[in-house]
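Colleague: quick one, structure for this:
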Amino acid sequence: MKLLVAGSSLLLFFLPGCLAAHGRFAQTLLSDLFSNYTNALRPVEDTDHVINVTLQITLSQIIDMDERNQILTTYLWIRQVWMDAYLTWNKEDYDGLDTIRIPSSYVWRPDIVLYNSADDHFSSSMETNVVLRHDGQVMWDQPAITKSSCSVDVVFFPFDLQQCHLTFGSWTHNGNQMDLVNALDSADLSDFVPNVEWEVLEMPAKKNVILYGCCSDPYPDITFSLHLKRRASFYIFNLLIPCMMISFLAPLSFFLPADSGEKVSLGVTVLLALTVFQLLVAESMPPSESVPLIGKYYIATMTMIAASTALTIFIMNIHHCGPEARPVPEWVQRLILSHLARICFVYEVGENCLGGASSRKQALSQEESEALPPANSDTSRGQSWDVDQRAWVGRAGPTPIPDFKHPDWKEDLFVTIDHLEEGGTTGGCEEDEEDLSCGGGGVEEEEEEEKEEPVTRRRRS
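Modeller: Purely as a prediction, here's the structure:
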C-alpha cells in the first residue's frame, strides 16, 4: 500500500514536466516547420506531380427547401485530406510528438468550392484548425452551411421525389495539378438529424471529369446526389381532405328546394373555398410550366362546381318562369322525365325505385275502374258524379249531399251533373246540368213524383 502511494506521488511529480516538455517540443516543431514555408504554392517537390485530395461529406441536417426559389439549404461536415511534402518531421527528434493542430490559415489549402452554390456571400464555412501528422498528412474538418440550386419537379406534389446535386471541385487547379478522390461511395448519413418535411433516401457520390469550353485541360469534380422524399401527411390533412369534403357539397345543391333560395349561394361558397386552397398551393409552388397534380385536381373540381352552379341557375329560371312561359316540348319532357330521371335515380312521388307504381296507386286505379259503369248501361242515367269521377248514388235512391270540406276541392270548380229522364226542372236549370243552387229543388220534385205514381195507378185500376 505504501509502495502504491509512493508511485502515484512520483507520477504526479513528473507529469507536469512531461507536458511541459511536449509543449516546448511543439513550439520548436512549429518554428522549424514554418521557417521557410509558404502557403501560396502547391506543396509538391516536383511541379509536374499531381496532388491528390480526398473528399468526404457528412450530411448533418436539411435546414430548408425553398421550392419557389429552388434553393436547398443544408448543414454539412466537409473533410479534406491531402499530403504536404514540406510539413514532415521525425517524431523521435521531438520527443515522440506525431501530430499537432494548427490554424488552417498557416498551411496550403485546396480551393475546393461548391459549383452550384446559391449563397450571396460565399463565406458560409468556418475557419477551423487542421490536424498535421509527422508524415505530412493534413486533415481539415470544416463545418459549412451551404445553399445550392436545386431543380424542383412538383408534378406529383405532395407525393413527389426530389433529386438535388451538390458538386464540389477546384476552381483554379485542373486535373493535371490536383485530383479529387472519393473517400466513400456515398455521403455519410450516420449523424443526420431527421427533417419534418423531407425523408433522405440516399446520397451517392460520383466523380466526373469535364472539359469546359474555356480551357483545354480537364477539371475533375465530385457530385453528391441527394434523393429526397416528401412527407405527405401534412398536405393530406390540410389540403387534400378539406378539398374532397368541400367538393362533396357541390352535388347537394341539386337536392335543395328551389324556393329555399340557397342553391346558388351554396355553389358560390364552395367555389370560393376551393379558390382559396388553389391560391395556397400556388404560393408554395415555383412558377413553371409543370402544373402539380393537386392543382389539376383543384381546377377540375372548380370546373365541375362552376358547371353545377350554372345548371342550378338554369333550373331556378325554369322553376320561376310562371304560367306565361312557353310549354316544354314533348321530346324534352320524354328525355328528362323518362331517361335522365332513371339515370339519376329520381322518381315521382309514390313511385318506388324499382320502376313500378306503388301498391296504393294500383289499388286506387282498380277501385276507379270498378266504380265506372258500362258504356251502354241504363244505370249510368240518373247518377251524380264529382270531379274525381266517383259515383255518389244511383237513380233509385235519394241523392246525398256531398261533403264540401275536401281540402283539394275549390268552390268555384265544384259541379254536380244529374241525368233526368223527364225534362223540365225548377229553378230555371238546364236539362242535363244543374248548379248547386238548384240541385236541392230537383231532388224534392223527384221524390214527390215517386210518391204520386202509385196513387195514379190505383185510380186507373
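Colleague: drop to CA atoms for contacts and neighbour counts, all remaining ones
Modeller: Noted.
Colleague: what's around T28, how many residues?
Modeller: 12 (other Cα atoms under 10 Å).
Colleague: just the one 4 residues further on next, same as before
Modeller: The local packing count at D32 equals 13, with neighbours defined by other Cα under 10 Å.
Colleague: cool, and W82?
Modeller: Neighbour tally, W82, other Cα under 10 Å: 19.
Colleague: equivalent analysis for H339, please.
Modeller: Neighbours of H339 under the rule other Cα under 10 Å: 12.
Colleague: repeat for L271
Modeller: Using other Cα under 10 Å as the criterion, the residues surrounding L271 number 21.
Colleague: please settle this for me: is it part of a helix?
Modeller: Yes - L271: assigned to a helix according to DSSP: H, G, I helix; E, B strand; the rest coil.
Colleague: residues contacting it?
Modeller: Neighbouring residues of L271 by Cα atoms under 8 Å, 6 or more residues apart in numbering: 302, 305-306.
Colleague: could you dump those to TSV with secondary structure, distance to S104 and neighbour count?
Modeller: Listed next are the contacts of L271 as TSV, based on DSSP: H, G, I helix; E, B strand; the rest coil; distance: Cα to Cα, whole Å; neighbours: other Cα atoms under 10 Å:
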residue	secondary structure	distance to S104	neighbour count
M302	helix	61	21
I305	helix	66	22
A306	helix	66	17
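Colleague: want to throw those into CSV with pLDDT?
Modeller: Listed next are the contacts of L271 as CSV, based on pLDDT from 0 to 100:
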residue, pLDDT
M302, 85
I305, 83
A306, 85
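Colleague: can you show me the strands along this structure?
Modeller: 51-66, 71-83, 99-103, 112-114, 129-133, 137-149, 161-170, 178-182, 198-202, 205-210, 219-230, 416-417, 433-434 (DSSP state E).
Colleague: can you add distance to L266 and give the ones you listed back as a markdown table?
Modeller: Listed next are the strands of the chain as a markdown table, based on distance: least, Cα to Cα, whole Å:
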| stretch | distance to L266 |
| --- | --- |
| strand 51-66 | 37 |
| strand 71-83 | 41 |
| strand 99-103 | 71 |
| strand 112-114 | 55 |
| strand 129-133 | 68 |
| strand 137-149 | 45 |
| strand 161-170 | 38 |
| strand 178-182 | 63 |
| strand 198-202 | 38 |
| strand 205-210 | 56 |
| strand 219-230 | 35 |
| strand 416-417 | 50 |
| strand 433-434 | 55 |
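Colleague: least reliable of the ones you listed going by mean pLDDT?
Modeller: Among the strands of the chain, strand 433-434 has the lowest mean pLDDT, at a mean of 42.
Colleague: would you agree S117 is in contact with K147?
Modeller: Yes - with contacts defined as Cα atoms under 8 Å, S117 counts as touching K147 at a distance of 5.7 Å.
Colleague: what about those two, which has more around it?
Modeller: Using other Cα under 10 Å, the more surrounded residue of S117 and K147 is K147, with 23 against 19.
Colleague: got the contact list for the closest residue to M285 other than its chain neighbours?
Modeller: Spatial nearest neighbour of M285, chain neighbours left out: R68 (5.3 Å); criterion: Cα to Cα, 6 or more residues apart in numbering. Going by Cα under 8 Å, 6+ apart, R68 touches 283-287.
Colleague: just give me the neighbour total for L76.
Modeller: Other residues within reach of L76, judged by other Cα under 10 Å, total 21.
Colleague: oh sorry, the question was meant for E283
Modeller: With other Cα under 10 Å as criterion, E283 counts 11.
Colleague: over to I57?
Modeller: As a burial measure, I57 scores 23 neighbours (other Cα under 10 Å).
Colleague: before we move on, what about the one 5 residues further on?
Modeller: A count of neighbours around I62, defined by other Cα under 10 Å, yields 22.
Colleague: my guess is it meets T73, correct?
Modeller: Yes - with contact defined as Cα under 8 Å, I62 reaches T73; the gap is 6.3 Å.
Colleague: on that earlier part again, same list, the contacts of R68, but as TSV with pLDDT please.
Modeller: Below are these laid out as TSV (pLDDT from 0 to 100):
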residue	pLDDT
E283	79
S284	73
M285	75
P286	71
P287	73
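Colleague: which of these ranks first by neighbour count?
Modeller: Counting by other Cα under 10 Å, top hit in these: M285 with 21 neighbours.
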